[in-house]
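Asker: Here you go, sequence then predicted model.
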Amino acid sequence: MQRSYRIEAIDELRRQQIRRASPDERLRRLEEVERAVAELDPSRDYAVDRVVMKIGCRGWVRPDRDKAPGADLIHDLRLLVEDLSDSVDLPADAVGEQVLTVNDLAEQFNVSTKTIARWREAGLVSRKLVFDGRKRVGFLRSSVDRFVRNNQSRVERGARFRQLTDRERLELVADARRLAEEGHGRSEAIRLITDRTGRTADTVRATITQHERTEPLFAETAGVLTDRQKHQVYEDHLAGVSVERLMKRYGRSKTTIYRLITEVRYERIQTLPLDCIPNDRFKRRGAEAACLGPMPEAETTPRKARRPADLPAYLASLYEVPLLTREQEQHEFRKYNYLKYKAAKLRDSLDAKRPAPGVMDEIESLYDEAVEVKNHLSRANLRLVVSLAKKRMTPNQSFFELVSDGNVSLMKAIEKFDFARGNKFSTYATWAIVKNYARTIPGEYKHQDRFRTSYEELFDSTEEYRANPTLREAAQKDRLEKIGKILRRLDDREQQIVISRFGLDHSREPLTLKEVGAEMGVTKERVRQIEARALTKLRQAAAEERVALEL
């Protein structure tokens, strides 16, 4: 009994048919499955549900709306015919038409039995029948005729087959070496040589494999792709590189490329931070409509806050973001946690061996929306961080470091705030930020005191003067120049994303991933990937320039 199925739904159909269908029903099913095999194109993808319905088996297995490669479907349906016929124990002379054995078929077309095996892999349907009391593989005349009609060139090529001469073998290897030097992958080179010589892909592949035992021709022959290469395949795919180019670049089949993309995508989804503050209302009926509805409007127009005159432009712009009312705040936190709750629930439903692309799409969409809500909550409360930082600023403490530390505490507070308790978030966030300042600032003073020098005593004994506005402006100008310098380390697209996402263009507010993607004509996922790469570059540049950044 065959077990090497590639598609779980077809394998499940085999088990259900053998367990529940009568022998007569299984015999009738064979012809329907065989017709479906003849109509499938191995180079296309098909919805598994539609194929199952086409062979009259709708309702026999649980729905599978994913698409599968035509080659995999042909492979599995051919095995299904063999397994169903094997379960019936049908004598060859009871079929009602001529039945050919493997040797009969090889003799008729003047080919080897190995060629017949290749034809079976290409879609020649065989059945397990009883010949003189022994069960063997047989081919119905109608099955053979159907295969010949649909694969005329393959059959003619097989009939012309002969063993390679030593000279032909050397020429084939020389072609493979030339194609490898031109940058073609192994699979692409085999296809090109097959087209040029008329030899089967198996013959070309076997010849190259035999030669590579002593002299590797292709870079990927050394082994499987590394994790870094797999992630690069995924990054290239997100950047818009076609699957055909990836096949050529990495020397892998289309099925393998799609499998690698799905594998890396699944791994990344597993690392998404989806921990949420649980709430009983998330499990109730109608929770989605209640939690994901539009944010309530403020009952009164919020008063515009006065911008402090001594703040840098990028911090002063925060005062243009309106504060949230208690109802709006409750809504945003409820929405934020419900989005992560729903995404985590979907993630738990993923099958690690065959994760559904549609489910992964939904998880990523929910996560993107949760990030946008978190950014909104952060922007609406950043002026609280600025206010607390100004109150705790000392001559020995950098204001920008205080804002940076407070921002980190704010983001952690957003993650831990339980909206169901009815407290105002500003109260909770203030407590979290002040607690962090109390823990970190005394430690810094202690560290400074341990390394006091005579110069500090001299400075302490001198008369204190008010801060010089000119020096303050010069310091700010120096900081802006350094920021501009490290921004120039990025390419144009990375600069545009960083400036738009973090509000460095003070003429407008920071944009969401979706808004930036709409401006640039790319997906939210692609914007996030470019942003992550740009921030890594900025952190490295900031470390070299000794600029304090909190990104």
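Answerer: That came through, no problem.
Asker: Report the contact partners of residue 510.
Answerer: Residues in contact with residue 510 (CB atoms under 8 Å, 6 or more residues apart in numbering) are 375, 379, 500, 501, 502, 503. In this view, the C-beta of every residue, glycine as well, is placed from N, C-alpha and C.
Asker: Can you tell me which of those is nearest residue 321?
Answerer: Distances from residue 321 to the contacts of residue 510, taken as CB to CB, are shortest for residue 379 (4.9 Å).
Asker: Just the element for the closest one, please.
Answerer: Assigning secondary structure by DSSP states H and E places residue 379 in helix 357-391.
Asker: circling back: save the contacts of residue 510 as CSV, and put in neighbour count too.
Answerer: Below are the contacts of residue 510 laid out as CSV (neighbours: other CB atoms under 10 Å):
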residue, neighbour count
375, 17
379, 17
500, 22
501, 21
502, 15
503, 20
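Asker: Rebuild the residues you listed as TSV, extending it with distance to residue 199 and pLDDT.
Answerer: Formatted as TSV, those follow (distance: CB to CB, whole Å; pLDDT from 0 to 100):
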residue	distance to residue 199	pLDDT
375	59	91
379	64	88
500	55	82
501	54	80
502	58	75
503	62	68
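Asker: what about the helices in the stretch 251-400 of the chain?
Answerer: Remark: helices assigned in the stretch 251-400 of the chain by DSSP state H, counting those that start in this stretch are 254-270, 287-291, 313-316, 326-348, 357-391, 399-416.
Asker: List the buried residues of the first one.
Answerer: Read that as helix 254-270. For helix 254-270, burial by neighbour count (16 or more other CB atoms under 10 Å) applies to 254, 256, 257, 258, 260, 261, 262, 263, 264, 265, 266, 269.
Asker: So what's the residue count around residue 422?
Answerer: Neighbourhood size, residue 422 [other CB atoms under 10 Å]: 8.
Asker: before we move on, back to that, which two among the buried residues of helix 254-270 are spaced furthest apart?
Answerer: Across those, the longest distance by CB to CB is 22.6 Å; it joins 254 and 269.
Asker: Okay, the spatially most central residue of the chain and residue 357: tell me how far apart.
Answerer: Centroid-nearest residue in the chain: residue 265, 2.5 Å away (criterion: CA atoms, centre = their mean). Distance of residue 265 to residue 357, given as CB to CB, to the nearest Å: 8 Å.
Asker: quick revisit: where does confidence bottom out across the buried residues of helix 254-270?
Answerer: By pLDDT, residue 254 ranks lowest within those, coming in at 80.
Asker: For this protein, name the helix or strand with the lowest mean pLDDT.
Answerer: Using mean pLDDT, DSSP states H and E, helix 454-461 stands out as the lowest-scoring helix or strand of the chain, at a mean of 42.
Asker: picking that back up, quick one: closest of the helices of the stretch 251-400 of the chain to residue 173.
Answerer: Judged by CB to CB, the one of the helices of the stretch 251-400 of the chain that comes nearest to residue 173 is helix 254-270, at 24.0 Å.
Asker: if we can go back for a sec, next, the angle helix 399-416 makes with the helix holding residue 379.
Answerer: Helix 357-391 and helix 399-416 are oriented at 140 degrees to each other (axes from the mean of the first three to the mean of the last three CA atoms, to 10 degrees).
Asker: Domains of this protein: list them as residue ranges, please.
Answerer: Following automatic domain parsing, the chain resolves into domains at 8-150, 162-222, 272-464, 469-551.
Asker: residue contacts, residue 414?
Answerer: Per CB under 8 Å, 6+ apart, neighbours of residue 414: 336, 374, 377, 378, 425, 429.
Asker: ok, 7 Å please
Answerer: Contact partners of residue 414, counting by CB atoms under 7 Å, 6 or more residues apart in numbering, are 374, 377, 378.
Asker: so residue 407 sits right up against residue 386, yeah?
Answerer: No. Residue 407 lies out of contact with residue 386 (CB atoms under 7 Å); the separation is 9.5 Å.
Asker: Which of the domains of the chain has the highest mean neighbour count?
Answerer: With neighbours taken as mean count of other CB atoms under 10 Å, the domains of the chain reach their highest mean count in domain 8-150, at a mean of 17.
Asker: Now do the end-to-end distance for it.
Answerer: Counting by CA to CA, to the nearest Å, you get 27 Å between the two ends of domain 8-150.
Asker: how far out from the middle of the chain is that domain?
Answerer: Taking the mean of its C-alpha atoms, domain 8-150 sits 35 Å from the chain's own mean (CA atoms, centre = their mean, to the nearest Å).
Asker: Strands of the protein, start to end?
Answerer: 45-47, 67-69, 99-100, 127-131, 134-140 (DSSP state E).
Asker: which other helices and strands contact the helix holding residue 379?
Answerer: Helix 357-391 sits against helix 254-270, helix 326-348, helix 399-416, helix 425-449, helix 513-520, with contacts defined as 3 or more CB pairs under 7 Å, 6 or more residues apart in numbering; DSSP states H and E.
Asker: And the helices in the stretch 1-150 of the chain?
Answerer: Using DSSP H, counting those that start in this stretch, the helices of the stretch 1-150 of the chain run over 8-20, 23-39, 48-54, 70-88, 102-109, 113-121, 141-150.
Asker: Tell me which of those sits nearest to residue 399.
Answerer: Closest to residue 399 of these, according to CB to CB: helix 8-20, at 59.3 Å.
Asker: tell me the angle that closest one makes with helix 23-39.
Answerer: Going by the same axes, to 10 degrees, helix 8-20 makes 160 degrees with helix 23-39.
Asker: Can you tell me what sits against helix 8-20?
Answerer: With CB under 7 Å, 6+ apart as the test, helix 8-20 has contacts from 5, 26, 29, 48, 52, 57, 60-61, 64, 76-77, 80, 83-84, 87, 354.
Asker: what do you get if the cut-off is 10 Å, keeping everything else the same?
Answerer: Helix 8-20 has contacts (CB atoms under 10 Å, 6 or more residues apart in numbering) with 1-5, 7, 25-26, 29, 33, 48-49, 51-52, 55, 57, 59-64, 66, 68, 72-73, 75-77, 79-80, 82-84, 86-88, 351, 353-354.
Asker: Averaged pLDDT, that helix. What do you get?
Answerer: Rounded mean pLDDT across helix 8-20 is 86.
Asker: Just the angle for it relative to helix 70-88, thanks.
Answerer: Here helix 8-20 runs at an angle of 10 degrees relative to helix 70-88 (the same axes, to 10 degrees).
Asker: So what's the gap between stretch 266-282 and the chain middle?
Answerer: On CA atoms, centre = their mean, the centre of stretch 266-282 falls 17 Å from the chain's centre.
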